[in-house]
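Visitor: next input, structure requested:
(2 chains)
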Amino acid sequence: SAVISQKPSRDICQRGTSLTIQCQVDSQVTMMFWYRQQPGQSLTLIATANQGSEATYESGFVIDKFPISRPNLTFSTLTVSNMSPEDSSIYLCSVDAGRVRGYTFGSGTRLTVV
Amino acid sequence: QQQVKQSPQSLIVQKGGISIINCAYENTAFDYFPWYQQFPGKGPALLIAIRPDVSEKKEGRFTISFNKSAKQFSLHIMDSQPGDSATYFCAASKGGNEKLTFGTGTRLTIIP
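Guide: Numbering: from 1, shown residues only, chains lettered A, B, ... in the order given. Got it, this is the predicted structure:
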């Protein structure tokens, strides 16, 4: 599997502030995916980030709330903006590392908003 | 719209037994079906995956069975061990850098 380094691993933030989550992949990938996992729930796709173009957001997620950067083929950031307690979740990045290596995930960022 | 349905929600299996988790999908364009294992506080880890050109794939104690006509696939864990206690997610995608759609997850507990 591809190795994904995600940070921070966890954070506690005040409501109204923003947090930027970083993902670094050990190989060049076309697409990077950002997911949210609410406590005890499954994974929901937030957006797909393609290098050199605007991210594509899923229904219910908007760029103003979750801006994404994808400056090169190995790195991406997700910002959770103007946070509220409802944003408390685990945020995960993922890549498709090809037919053999498959889709792999970072270790996640556990966000608590107080 | 729930495109991948997973069952059961929770499962308790005795050590040494067989754990079976089932998933059904709707979108016939899906052609990649992975299973993930997730421990508390960790990200999902790819366990095993199958593509629809085969009906079964085995890796160690883990086997995926795939029924294309029924649009179903399942994970079998043979000789289940306490260390297998985790949450398991099935998923599906159209492959080739397409997004994964996840099932709702199964919390597996292996008891001695």
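Visitor: alpha carbons only for contacts and neighbour counts from here, please
Guide: Will do.
Visitor: which stretches of chain B have low pLDDT?
Guide: Per-residue confidence for chain B (pLDDT under 70) gives these ranges: B:1-2.
Visitor: likewise for chain A?
Guide: A:1, A:100-101.
Visitor: quick check: bridge partners of the residue nearest the centre of chain A?
Guide: By Cα atoms, centre = their mean, chain A has its centre lying nearest to residue A:34, at 3.5 Å. Judged by DSSP bridges, the bridge partners of residue A:34 are residue A:47, residue A:93.
Visitor: pull up the gap between it and residue B:38, please.
Guide: 17 Å (Cα to Cα, to the nearest Å).
Visitor: phi, psi of the residue of chain B found nearest chain A?
Guide: Going by Cα to the nearest Cα, chain A is nearest to residue B:43 of chain B, at 4.2 Å. For residue B:43, the backbone dihedrals (degrees, to the nearest 10) come out as phi -80, psi 160.
Visitor: you'd agree it is up against residue A:110?
Guide: No - using Cα atoms under 8 Å, residue B:43 is not in contact with residue A:110, being 10.1 Å away.
Visitor: burial of the residue of chain A found nearest chain B, as a residue count?
Guide: Nearest residue of chain A to chain B: residue A:107, at 4.2 Å (Cα to the nearest Cα). For residue A:107, the neighbour count with other Cα atoms under 10 Å in any protein chain shown is 24.
Visitor: residue contacts, it?
Guide: Neighbour list for residue A:107: A:4, A:5, A:6, A:9, A:92, B:42, B:43, B:44 [criterion: Cα atoms under 8 Å, 6 or more residues apart in numbering or on different chains].
Visitor: go with 6 Å
Guide: B:42, B:43 (Cα atoms under 6 Å, 6 or more residues apart in numbering or on different chains).
Visitor: likewise the one 4 residues further on?
Guide: Listed by Cα under 6 Å, 6+ apart, the contact set of residue A:111 reads A:10, A:11, A:88, A:89, A:90.
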